[in-house]
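Undergrad: One predicted model, sequence on top.
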Amino acid sequence: MNLVSIRVITADVARLVDFYERVTSLRATWATEDFAEIRTGSGTLAIGSTRTVPLFAPGSARPADNRSAIIEFRVDDVDAVHRDLAGSVDDIVKEPTTMPWGNRAFLFRDPDGNLVNLFTPVTPEAVERAG
């Protein structure tokens, strides 16, 4: 089994796609106006409209209602990305900080309130774990 993607449901697909394109410096692939994907080398962030929820199960997902998941991206230099995103991120949760497990992390919320963590392994142990 392989984890393929994380899907975020939103009331404004274009706004969220624009935000994640700026954060990742990657272009989204649009399937329809209700669904786009941002593909990285190791996984995909899928962004779907509230109009897609009934296709799965009506009422099974609500936009802008998540306080339990963190969308994470490993970056080469979290401090440089932090500087590059200055002014693009409104809701910063934690400025770049080296965590006890050896990753330097920058946490913020996307326009729908989902928590995003950009991180760089910085200690020898963290770099080794990251492979």
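TA: Yep, that arrived. Numbering: from 1, shown residues only.
Undergrad: Going along the chain, name the strands of the protein.
TA: Secondary structure of the chain (DSSP state E): strands at 5-10, 29-32, 35-39, 44-49, 70-74, 91-98, 103-109, 115-121.
Undergrad: List the buried residues in the shortest one.
TA: Read that as strand 29-32. For strand 29-32, a neighbour-count test (16 or more other CB atoms under 10 Å) marks nothing as buried. From N, CA and C alone the C-beta is placed, and that goes for glycine too.
Undergrad: All further residue positions should be reported with the first residue as 16.
TA: Sure, I'll start numbering at 16, so the last one becomes strand 44-47.
Undergrad: Can you give the contact residues for that strand?
TA: 32, 51, 52, 53, 54 (CB atoms under 8 Å, 6 or more residues apart in numbering).
Undergrad: partner strands of that strand, parallel or antiparallel?
TA: According to DSSP bridges, strand 44-47 forms sheet pairs with strand 50-54 (antiparallel).
Undergrad: got it, and the fourth one?
TA: Sheet pairing here is set by DSSP bridges, and for strand 59-64 it gives strand 20-25 (parallel), strand 50-54 (antiparallel).
Undergrad: List the buried residues for the lengthiest helix in the chain?
TA: Longest helix in the chain, counting residues (DSSP state H): helix 28-39. Under the neighbour-count criterion of 16+ other CB under 10 Å, helix 28-39 has 28, 31, 32, 34, 35, 38, 39 buried.
Undergrad: In a markdown table: those, plus distance to residue 131 and pLDDT.
TA: Below are these laid out as a markdown table (distance: CB to CB, whole Å; pLDDT from 0 to 100):
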| residue | distance to residue 131 | pLDDT |
| --- | --- | --- |
| 28 | 17 | 98 |
| 31 | 11 | 98 |
| 32 | 14 | 98 |
| 34 | 9 | 98 |
| 35 | 9 | 98 |
| 38 | 7 | 96 |
| 39 | 10 | 96 |
